[in-house]
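> Predicted model, plus sequence, below.
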Amino acid sequence: MRNSEQSSLIKRLMLPIGRRVLPLLIATVPFVLVGVFAQDLLAQPDKNLAQERSETNQACLGCHDPETESAPAVHMAALDKSPHKDLDCTSCHTSYTPEYPHTDEMKAEKPDCASCHPDAADALMLSVHGKIENFPEDAPTCISCHTTGTDAHAVVRPSEGTRKERVKLCSSCHNDVAKMERHEVDTDAVPSYEASFHGKALLRFGREDTAICTDCHTGHSVLASSEPESTTHRENLTKTCGQAGCHAGATMNFANSGFSHLHITVKNDPILTATEWFFKILTFGVLGLLLLGILFDMRVALFGKKPSGVSPPVVVFVALGFATLIASIMFAVFANPIGYYTTIASVGFGMLAAGTHIFTRKKKTKIEGVKRYQRFTVSQRIQHLLTIITFTLLVVTGMPIRYPNNDFLHAFYMAMGGMEVMQVVHRGAAIGLIAVWIYHTFELLWRWKKANFSFDSWTMWPRKRDISDLVGTVKYHLGKSPHPPSYDRFQFREKFDYFAVYWGMPIMVFSGLILWFPVFFGGFLPDIGIPLAYIAHTDESVLAFLTIVTWHFYNTHFKPSSFPMNPVFITGTLTEEEMREEHGDELKRIQAMEGAAAASEAPATTEEAAEEPASAVEEVVEETEAVETEEPPAEPSDEPASETSHEPTDEQPKD
């Protein structure tokens, strides 16, 4: 009884549920079947395509299927992805029949692409690639250019490959030196493209909108540049360079600048060759002399009788750190991986020098009221700061383009946004540096006017004395003189720093503007104008960078007497002891003027001081802030020190 009641209860509960659920289940069955069938299609595309192939193809695969290993294999997976996937085997192999064995006549006939692509075939036959008679095996074919390897069935549409892959395709032959020499083709075509802006932008920095081989030379109708119909003929280059998406408005001189293959252009032009050699000799010559001077100075710091201001271990570590820094730069220039290790060594030696200096420096006593002499005005310090910022930005955004194969520079460049971002930063920094240069020039003219246009106020201008100071310094470094010369307002080192900037700025500015607006300047410059600008801009930038990190950094940071930093470019002042060490003659002149003023009890006014040719000095100021000295202080006097002020009339000094 109990069982029958339970069964009745279950029926009453399940019947309504079954009436509602069963129709839903039945309705979903078709969708489930379709889904399963679709999954099967996606999982086995080759199987379904094979079922749709023609009987002819099925018959051919009976022997040419890779699994049979009874005849040359045809990889249908590659064919199914090609534009020829819907063709029968006999569409290309027209003399073949499915019957086996094939006759010798069938085997002798090769597929003829011209039967379907007559225009491309005719263009190829008229091109330099189709006219190769000697070593015909070197000639490119449809298969060598339109497949991903040697499989004739793996045909790829040109539009399916990347632009970088197309460049690599052309390079695979033109980078073969032996093959190119056999056919008297310039072996520098590929390296010169890779070194051009087009090549760097595409191959190293991923810019797909830059020119590649086929944009200029076409795909099938490649003709020698001497042929009038060639797209690279002199008379046709304007149209080629000015095509849509390239250099709109390109002129004849711009188009014939040979900028896309600069190495070849330089090699074939004596003026460009001479310019390149000039900058090479200048760079290595200047750096050689600067490094020689630094080496002499280090020798004096290590073995000289005069104390260097720091302990001998610090001098040793500084010397090693600076030497490995120079080595790192040289290795980076030549993309040598050893540069990573020398960079680490340079940082390590620098840290050792700093640590040793902290623990070995002598305890110094503070003296109140020491007179300080002003070397830099606020305006000059601001200009120097802006120059540091803009120059640094120009280096970090320009050197990766100059040396694209340096992996560290390339990684940094791409991490900062790549070419799209860094080009904007580079040009913005250039505008900033140009603005500082122009402002400084106007400030010089203003100071010259205040000095009544007297050339005696040009204290930064090179003079005969600089030669005697240089000779005296060399004698001191070689141990032929017991002490260095007593320098005036600006010594030869500072003048070199200053005029290195004034030598480099016009070159960098005008060459940079030409490269920024090549089409505009190409309208009136000769065809070698743009290559000249490129050589000057890149080589001068390298010289400027190396000069800064060697000569300038040494004199302001690595020089033992200044280590770890000469703060004059921040404070703008020097102590009397520092003036006596670095500008002794100027200090004597200032003190003589102070003595004469005190004797006459009539201190010179600002206007009177400005009229004196010898007063090309900055304002002498007295500060009550504490400075450090190693000597114990003398008893302080109750008499206040006198003040003397001289209006500056000279050019901007460089620290």
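Nice, thanks for sending it over. Residues are numbered from 1 along each chain as shown.
> helices and strands of this structure: which one bottoms out on pLDDT?
One helix or strand of the chain scores below all others by mean pLDDT, DSSP states H and E: strand 627-629, with a mean of 37.
> Residue 580 touches residue 587, doesn't it?
Yes - at 5.5 Å, residue 580 counts as touching residue 587 under the criterion of Cβ atoms under 8 Å. In this view, the C-beta of every residue, glycine as well, is placed from N, C-alpha and C.
> Helices of the stretch 1-150 of the chain, residue ranges please.
For the stretch 1-150 of the chain, helices defined by DSSP state H, counting those that start in this stretch occupy the ranges 2-43, 45-52, 55-64, 76-80, 89-92, 104-108, 118-126, 142-146.
> One more: the stretch 201-350 of the chain?
In the stretch 201-350 of the chain, the helices defined using DSSP H, counting those that start in this stretch lie at 213-217, 237-241, 252-255, 262-268, 270-303, 312-333, 338-360.
> Show residues contacting the shortest one.
So that's helix 252-255. Around helix 252-255, the neighbours that count as contacts under Cβ atoms under 8 Å, 6 or more residues apart in numbering are 237-238, 240-242, 247, 518-519, 521-527, 529-530.
> Of these, grab the buried ones for ChimeraX.
A single ChimeraX command is used to select the members of those judged buried by 16 or more other Cβ atoms under 10 Å:
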select :237,238,240,241,242,247,518,519,521,522,525,527,529,530
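> and the spatially most central residue of the chain, what element?
For the chain, residue 400 is the residue whose C-alpha lies nearest the centre (Cα atoms, centre = their mean; 2.1 Å). Taking DSSP states H and E as the criterion, residue 400 maps to helix 378-402.
> Show the average pLDDT along that helix.
When pLDDT is averaged over helix 378-402, the result is 94.
> Also stretch 469-488?
On average, stretch 469-488 scores 89.
> picking that back up, any idea which of the helices of the stretch 1-150 of the chain has the lowest pLDDT on average?
Minimum mean pLDDT among those: helix 45-52, a mean of 47.
> so residue 509 sits right up against residue 435, yeah?
No - using Cβ under 8 Å, residue 509 makes no contact with residue 435, being 11.0 Å away.
> So those two - more neighbours on which side?
The neighbour comparison of residue 509 against residue 435 (other Cβ atoms under 10 Å) goes to residue 509, with 16 against 12.
> Buried ones in stretch 428-445, by neighbour count?
Neighbour-count burial for stretch 428-445 flags 429-430, 432-434, 436-437, 440, 443-444 (criterion: 16+ other Cβ under 10 Å).
> which residues are in contact with that stretch?
Contacts of stretch 428-445 (Cβ under 8 Å, 6+ apart): 379, 383, 386-387, 389-391, 393-394, 397, 505, 509, 512, 651-652.
> out of the residues you listed, what pair is the most spread apart?
Greatest spatial distance in the contacts of stretch 428-445: 397 and 651, 29.1 Å, computed using Cβ to Cβ.
> quick one: the residue nearest to the centre of the chain and residue 388, what's the gap?
For residue 400, the distance to residue 388 (Cβ to Cβ, to the nearest Å) stands at 20 Å.
> Look up how far residue 447 lies from the closest residue to residue 195 other than its chain neighbours.
With sequence-adjacent residues excluded and distances taken as Cβ to Cβ, 6 or more residues apart in numbering, residue 195 is closest to residue 263, at 6.0 Å. Distance, residue 263 to residue 447, using Cβ to Cβ: 46 Å.
> Give the residue spans of this structure that score low on pLDDT.
For the chain, the stretches with pLDDT under 70 are 1-53, 98, 306-308, 333, 335, 362-369, 601-655.
> same thing but at 50, please
Scanning the chain for pLDDT under 50 picks out 1-2, 13, 37-51, 604, 606-655.
> Check the offset of stretch 81-91 from the chain's centre.
47 Å (Cα atoms, centre = their mean, to the nearest Å).
> Residues contacting it, please?
So stretch 81-91 is contacted by 49, 54, 56-57, 60, 74, 79, 92, 96-97, 153-157 (Cβ under 8 Å, 6+ apart).
> Looking at these, which is nearest residue 188?
Residue 188 lies nearest to residue 156 out of the contacts of stretch 81-91, by Cβ to Cβ, at 28.9 Å.
> what's around the closest one, how many residues?
Neighbour count for residue 156, taken as other Cβ under 10 Å: 16.
> Now it. Its backbone dihedrals?
In terms of degrees, to the nearest 10, the main-chain angles of residue 156 are phi -120, psi 130.
> my guess is it meets residue 148, correct?
Yes - here residue 156 reaches residue 148: they are 5.8 Å apart, a contact under Cβ under 8 Å.
> Residue 574: helix or strand, and which one exactly?
Assessed by DSSP H and E, residue 574 sits inside strand 573-575.
> follow-up on the earlier one: between residue 580 and residue 587, who's got more neighbours?
residue 587 (23 against 14).
> The more buried one sits in which helix or strand?
Per DSSP H and E, residue 587 falls inside helix 584-600.
> before we move on, what about residue 372?
Here residue 372, judged by DSSP H and E, is contained in strand 371-374.
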